[in-house]
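Peer 1: sequence plus the predicted model coming up.
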Amino acid sequence: MSKMTEVAQHLQMSPAALSKLIDEGVIDKQPRGGYDIDEVRAQYIKHIRAVASGRAAQGDLDLGAERARLAKEQADAKEMENAVERGELVYIEAVAKEFEEQLLKAKTKLLAIPSKIAAEVHACSNVKEAKELIEINLTDALNELVGYGKRTTD
């Protein structure tokens, strides 16, 4: 069994650095003079291998977990990009803008119908003819609301 100073010298570090490793739980704390050099060396080697491979936590930062999180975020971003390309996912701002434009065009056409067809309706010979004329103009105005980026050709 060895003292901390002997273990630190064996591992070629200062006693303060060894104390820090003990406080961090890298090396098991032992009673004064009760350190087994071979056991401490094995714990220290295991720790440096973990740090070298990126699996060890650095303070509050776990490099392995951070790499996994980054990989997941990158995969999610690519999945979203592919969904947009396939037309399965849309940007809400673009949909809202398109819908607003459709509503404004429909409103404009609907409000213009009375003055646009008043004379024609007055000149119609019967109610059926006037009704058809009004329906044609209403359908044209309402076609502004058909589909995202689509128009009908009735």
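Peer 2: Now that the structure is in, tell me what you want to look at. Residues are numbered from 1 along each chain as shown.
Peer 1: from the chain's centre, how far out does the helix or strand E129 falls within sit?
Peer 2: Assessed by DSSP states H and E, E129 sits inside helix 127-142. Counting by C-alpha atoms, centre = their mean, to the nearest Å, helix 127-142 is centred 48 Å from the centre of its parent chain.
Peer 1: and if you look at stretch 21-32?
Peer 2: For stretch 21-32, the distance to the chain centre is 41 Å (C-alpha atoms, centre = their mean).
Peer 1: quick one: contacts of it?
Peer 2: K3, L18, D36, E39, V40, Q43, Y44, H47 (C-beta atoms under 8 Å, 6 or more residues apart in numbering). For glycine as for every other residue, the C-beta is placed from the backbone atoms N, C-alpha and C.
Peer 1: pull out the buried positions in it.
Peer 2: L21, I22, V26, I27, Q30 (16 or more other C-beta atoms under 10 Å).
Peer 1: and those residues as CSV, adding pLDDT?
Peer 2: As requested, these are exported to CSV (pLDDT from 0 to 100):
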residue, pLDDT
L21, 89
I22, 90
V26, 87
I27, 89
Q30, 87
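Peer 1: what's the closest of these to A94?
Peer 2: V26 (53.1 Å; C-beta to C-beta).
Peer 1: from M13, how far off is the closest one?
Peer 2: Distance, V26 to M13, by C-beta to C-beta, to the nearest Å: 12 Å.
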